[in-house]
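[1] Can you look at this prediction? I've put the sequence above it.
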Amino acid sequence: MTSSSHYISTRGTAPRLGFNDTLLAGLASDGGLYMPEQWPSVTHGNPDATFAQRAAEIIAPFVGDEIDSHALAAMCRDAYATFRDPHVAPLRELGDNRWLLELFHGPTLAFKDVALQLVGRLFDHVLTARGERITVVGATSGDTGSAAIDGVKHCANVSMVILYPHGRISEVQRRQMTTVQSANVHTVAIDGSFDDCQDLVKAMFNDRAFRDRHRLAAVNSINWARVLAQVVYYFTAIEQLHASESAPVSFSVPTGNFGNVLSGWIARRIGANVGHLIVGSNANDILTRFFETQTMSATGVMATLSPSMDIQVSSNFERLLFEMNKRDGAATSAQMTRFRESKQLAVDAATFGEWIRPVFRGQRCSDVDTLEKIAEVHRRHGVLVDPHTAVGLVATDACAAPDEPVVTLATAHPAKFADAVAQATGVRPSLPAHMADLFERPEHTTQLPNDLVAVQRFVASATTAR
Ligand SMILES: *Cc1c(COP(=O)(O)O)cnc(C)c1O
């Protein structure tokens, strides 16, 4: 294995790190995001290999020699043994040249489990070897919190405190977090909004003494290891279709922070037989507008039926921008500073024509069209899809030729968004068997005011309690 295991920041000045430090760092110290110093090349593998085997093979060149290959393989096996489907990410045919890639068979029923089940194990492995502990703090408006909690609940060296807005997340989402019985996991209901929760988390990170004393860390969607773990299913989907040497397979990705679709771009970059990447957005259509106008322009956030895609700015886009800037960190940093100030970021025609036009397609989808698509898929195929997946399917219709093979990523189980699915189809999807008693399980949570001192006191007691 060569030296492709070092990472550099998109803003050019943070120290170059190995895989393990990149994993634990999250954001780079210059405010940038970590990218591999070199792209390895990865070949398509055996369609009969298990998902865990392929994950270990595809991830290994990015880890280099920092983690023993047997240990990596064991972590992949354990992580993907938590999925209810033996294929982990199975394909389902949905008409000619169309498939769904079901990424929702993990413990919390959304695609974030694919990354977070592995990332929790990687964290614990690295921390155990170093004899260190960390405290992951985060804010959630629903999905990420439960996937992160499930990913670290067995970690000996990670404490976790997740803040959520009291009374403002769905009961399924709340119960998925508050019913986890694990001494290292703590949920806090804040008397405030999601933005208040995020501000509290930011304030804790900005309090340097507090951050260092409790070794605060994050597992948000800019974490390199999360992006990396998601690269795997682009390879395995093509392998399941026996399409590694035939016509390229396009992927349609319901997109928020641009993490998932960036993983598809990376798969394509390192050798997967990926055709187009179709970016589906809801009414928060900053990416669709970018594909139409070559300018990124931030507006306010709107609430939609696909809440995990309700974002203002897609943070992982900076990684693609870095590539578009020929890996010039200073240029990327200047661009991001201008974007923060003016809320506008324009890309010149030559760069757009080289990097975006040949690869990306984009389509926005309203709530009305989302419901109509859920109803249509149920009518025509007898399949229930969640609202995020429906946005991906609408984008597929709009952007792909009929003879182009397209895999649409199904990012959440329909039961996770049962109200929208029932509204569209009249059928209420039920939770899978392992979660059928979710509403009977006891909840553990702490309610706190929107007050930094109170929250810091709680975090301090939670991290020293064990
Ligand atoms: C997080 C999430 C998305 C958006 O993924 P990004 O990587 O942020 O683009 C889409 N669908 C569901 C169900 C999600 O939980």
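    Yes, it's here.
[2] which stretch of helix or strand covers residue 100?
    strand 98-102 (DSSP states H and E).
[3] which helices and strands does that strand pack with?
    strand 91-93, helix 224-240, strand 406-410 (3 or more C-beta pairs under 8 Å, 6 or more residues apart in numbering; DSSP states H and E). The C-beta positions use only the backbone N, C-alpha and C, and glycine is treated the same way.
[4] and the helix or strand just after the longest one, what does it pack onto?
    Using DSSP H and E, the helix or strand that follows helix 224-240 towards the C-terminus is strand 249-254. Here strand 249-254 is seen to pack against helix 224-240, helix 259-270, strand 274-281, helix 387-399, strand 406-410 when contacts are counted using 3+ C-beta pairs under 8 Å, 6+ apart.
[5] The ligand contacts on the protein?
    110, 112, 143, 221, 254-260, 308-309, 388, 411-412 (C-beta under 6 Å from any ligand atom).
[6] Now do the lengthiest helix in the chain: distance to the chain's middle.
    The longest helix of the chain (DSSP state H) is helix 112-130. Offset of helix 112-130 from its chain centre (C-alpha atoms, centre = their mean, to the nearest Å): 15 Å.
[7] With stretch 56-71 instead?
    21 Å.
[8] Please work out the average pLDDT along that stretch.
    The predicted model assigns stretch 56-71 a mean pLDDT of 97.
[9] CA atoms only: put the longest helix of the chain into PDB for me.
    The C-alpha coordinates for helix 112-130 follow below in PDB (Å, rounded to 0.1, in the frame of the first residue of the first chain):
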ATOM      1  CA  LYS A 112     -26.400   7.700   7.600                       C
ATOM      2  CA  ASP A 113     -26.100   4.300   9.400                       C
ATOM      3  CA  VAL A 114     -23.800   3.000   6.600                       C
ATOM      4  CA  ALA A 115     -21.200   5.500   7.500                       C
ATOM      5  CA  LEU A 116     -21.800   6.000  11.300                       C
ATOM      6  CA  GLN A 117     -21.800   2.300  12.200                       C
ATOM      7  CA  LEU A 118     -18.300   2.100  10.800                       C
ATOM      8  CA  VAL A 119     -17.100   5.500  12.000                       C
ATOM      9  CA  GLY A 120     -18.100   4.700  15.700                       C
ATOM     10  CA  ARG A 121     -16.000   1.600  15.500                       C
ATOM     11  CA  LEU A 122     -13.100   3.400  13.900                       C
ATOM     12  CA  PHE A 123     -13.200   6.000  16.600                       C
ATOM     13  CA  ASP A 124     -13.100   3.500  19.400                       C
ATOM     14  CA  HIS A 125     -10.300   1.500  17.700                       C
ATOM     15  CA  VAL A 126      -8.100   4.500  17.400                       C
ATOM     16  CA  LEU A 127      -8.800   5.900  20.800                       C
ATOM     17  CA  THR A 128      -8.200   2.500  22.500                       C
ATOM     18  CA  ALA A 129      -4.800   2.200  20.800                       C
ATOM     19  CA  ARG A 130      -4.000   5.700  22.100                       C
END
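[10] Most tightly packed of the helices and strands packed on strand 249-254?
    With neighbours defined as mean count of other C-beta atoms under 10 Å, the helices and strands packed on strand 249-254 peak in mean count at strand 406-410, which reaches a mean of 28.
[11] Quick check: end-to-end length of stretch 131-141?
    Length of stretch 131-141, first residue to last, C-alpha to C-alpha, to the nearest Å: 33 Å.
[12] 58 is where my numbering starts, stick with that
    Shifting the count to begin at 58 puts that one at stretch 188-198.
[13] Name the residues of it that are buried.
    190-198 (16 or more other C-beta atoms under 10 Å).
[14] what do you get for stretch 198-217?
    In stretch 198-217, counting by 16+ other C-beta under 10 Å, buried: 198-210, 212, 214-217.
[15] Out of these, name the ones that lie in helices.
    Counting by DSSP H, the part of the buried residues of stretch 198-217 found in helices is 200-209.
[16] could you dump the helices and strands packed on strand 306-311 to a markdown table with mean pLDDT and distance to residue 519?
    Formatted as a markdown table, the helices and strands packed on strand 306-311 follow (pLDDT from 0 to 100; distance: least, C-beta to C-beta, whole Å):
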| stretch | mean pLDDT | distance to residue 519 |
| --- | --- | --- |
| helix 281-297 | 98 | 24 |
| helix 316-327 | 98 | 28 |
| strand 331-338 | 98 | 37 |
| helix 444-456 | 98 | 32 |
| strand 463-467 | 98 | 35 |
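[17] closest one to residue 108 among those?
    Of all the helices and strands packed on strand 306-311, it is helix 281-297 that lies closest to residue 108, at 5.8 Å by C-beta to C-beta.
[18] Leaving out sequence neighbours, find the closest residue to residue 148.
    Sequence neighbours aside, residue 156 is the residue nearest to residue 148 in space, at 4.7 Å (criterion: C-beta to C-beta, 6 or more residues apart in numbering).
[19] what about residue 496, neighbour count?
    Residues near residue 496, counting by other C-beta atoms under 10 Å, number 11.
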